[in-house]
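**Q** Everything below, folded, please.
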Amino acid sequence: MGRVPSYDPLRPKGPWLKTLTWAARQRPFTWYLVNVGNKVDPVLMRASGGRLKSTFNAPTVLLTHTGARSGQQRSTPIAYFTDGDDVILIASRGGHRNHPAWYHNVLANPEVELWTKGGGGRYRVAEVKDDERRRLWDLATRFYPGFARYQERAGDRVIPVVVCTPQD
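**A** Sure thing, here's the model as predicted:
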């Protein structure tokens, strides 16, 4: 299966990805991503081998996690970038005042699978805090400036930064 392909958060974006990045910061598109894209993209990604998703060419990983209460397998598409071998996920939920369900699930069951076009595998999840969170949050907002807007929308909720470490 292999690992999730690396994606440098500081990599220059082409015009299409810049446009998509701008659009994703707008409330209607954010609403779409949180409420519709989360349901459509797992189906599209599986059916197309990862080639099709509603976010077009944005770096998106399909996170397969176990429900904290239900114990059922769930799949959630999430934007990602890499830091060395680690895959970084931001639990923004578009700036909602509550954490996304997947975040609660991975804290309860940290063994997950990540998959995207080009690879995937088993990972172990951990939330980072303090200096490491600040460092990765800075990379995240450089990768996608919308995360800063989402933090404003989230009010007092501190958006979690999650590190997924590959399990060999």
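**Q** Quick one: residues contacting the most centrally placed residue in the chain.
**A** The centroid of the chain falls nearest to residue 78 when counting by CA atoms, centre = their mean (3.0 Å). For residue 78, the contacting residues are 60, 61, 63, 89, 90, 102, by CB atoms under 8 Å, 6 or more residues apart in numbering. From N, CA and C alone the C-beta is placed, and that goes for glycine too.
**Q** Could you give the backbone dihedrals for it?
**A** phi -140, psi 140 (degrees, to the nearest 10).
**Q** Same question for residue 166.
**A** phi -60, psi 140.
**Q** Give me the pLDDT for it.
**A** At residue 166, the predicted lDDT confidence score is 96.
**Q** Run through the bridge partners of it.
**A** residue 123 (DSSP bridges).
**Q** What lies in contact with the host helix or strand of residue 82?
**A** For residue 82, the element it lies in under DSSP states H and E is strand 81-83. Strand 81-83 is contacted from outside by 4, 6-9, 59, 87-88, 136, 139-140, 143, 163, using CB under 8 Å, 6+ apart.
**Q** for stretch 93-109, same thing?
**A** Residues from elsewhere that reach stretch 93-109, judged by CB under 8 Å, 6+ apart: 30-31, 33-34, 63, 65-68, 74, 76, 78, 91-92, 112, 125, 127, 149-155, 157, 160, 162.
**Q** The residue nearest to residue 137 when sequence neighbours are not counted: what's it in contact with?
**A** In this structure, residue 137 finds its nearest non-sequential neighbour in residue 161, 5.7 Å apart by CB to CB, 6 or more residues apart in numbering. By CB under 8 Å, 6+ apart, the residues touching residue 161 are 88, 89, 90, 91, 127, 128, 133, 136, 137, 140.
**Q** Against which helices or strands is the next helix or strand after the strand holding residue 82 packed?
**A** Note on strand 81-83: by DSSP H and E, the next helix or strand toward the C-terminus is strand 86-90. Packing partners of strand 86-90 (3 or more CB pairs under 8 Å, 6 or more residues apart in numbering; DSSP states H and E): strand 60-66, strand 73-79, strand 81-83, helix 130-143, strand 161-166.
**Q** tell me how far the least confident helix or strand in the chain by mean pLDDT is from the chain's mean position?
**A** Scoring the helices and strands of the chain by mean pLDDT, DSSP states H and E places helix 38-48 at the bottom, with a mean of 70. Relative to its chain's centre, helix 38-48 lies at 15 Å (CA atoms, centre = their mean, to the nearest Å).
**Q** Can you name every helix or strand that that helix contacts?
**A** Going by 3+ CB pairs under 8 Å, 6+ apart, helix 38-48 lies up against strand 60-66, strand 73-79.
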